[in-house]
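1. Dropping a prediction and its sequence here:
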Amino acid sequence: MKRNLEHSTYTKETEALAKFAKALGHPTRIAILKHLENQSCCCTGDLVEVFPLAQSTISQHLKELKTAGLIQGELKPPKIKYCINQKNWKIAKALFQQFFD
C-alpha cells in the first residue's frame, strides 16, 4: 500500500522553503526580485518598461511572488507599489543557505 505524506510530516521550515522555491521556479520572477532588490519600490508599469512582457504577465508573476510572501504591495491608487518583503526575504535566504549547507 502506498503511503501518502501528510502536511504534518513536514516541518514549518520545509514547507516555507518549498513555497519560496516554487515562487522562484520561473526566470522572470527571479529577474523581478533582482530588480526589486536594487529599488526601494516600483509599480507594475515600471516593470513593464524593464521586462519585455505584457502587463498581465508581469502582474501574474507579481501575484505569485506576493503569495509566497517574497514581496509586498502597497496600494497607491491607481497603482500598487511593490517591494521586497524584507522579513520573509531574510527567512528565505537562511532556509536556502541551510538547505545547501
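-> Structure's in. What do you need?
2. any chance you could map the strands in this protein?
-> Ranges of strands in the chain, per DSSP state E, are 42-43, 71-76, 79-84.
3. Pull the number of nearby residues for the closest residue to residue 53 other than its chain neighbours.
-> Distances taken as C-beta to C-beta, 6 or more residues apart in numbering put residue 28 closest to residue 53, at 6.8 Å, once the chain neighbours are dropped. Just so you know, the C-beta spots here come from the backbone N, C-alpha and C atoms, and that holds for glycine as well. Residues lying near residue 28 (other C-beta atoms under 10 Å) number 16.
4. Over to residue 68?
-> With other C-beta under 10 Å as criterion, residue 68 counts 20.
5. residues contacting the residue nearest to it when sequence neighbours are not counted?
-> The shortest distance from residue 68 to any non-neighbouring residue, by C-beta to C-beta, 6+ apart, is to residue 23 (3.4 Å). Residue 23 sits next to 29, 64-65, 67-68, 70 when contact means C-beta atoms under 8 Å, 6 or more residues apart in numbering.
6. From the residues you listed, pick the one nearest residue 44.
-> residue 65 (12.0 Å; C-beta to C-beta).
7. Was I right to think that closest one contacts residue 29?
-> Yes. In this structure, residue 65 is within contact of residue 29 by C-beta atoms under 8 Å, at 5.7 Å.
8. between the two, which one's more packed in?
-> Neighbours per residue (other C-beta under 10 Å) separate residue 65 from residue 29, with residue 65 holding more: 26 against 20.
9. now the nearest residue to that one once chain neighbours are set aside: how far from residue 101?
-> Here the nearest residue to residue 65 in space, its sequence neighbours aside, is residue 71; by C-beta to C-beta, 6+ apart that works out to 4.5 Å. Counting by C-beta to C-beta, to the nearest Å, the gap from residue 71 to residue 101 is 26 Å.
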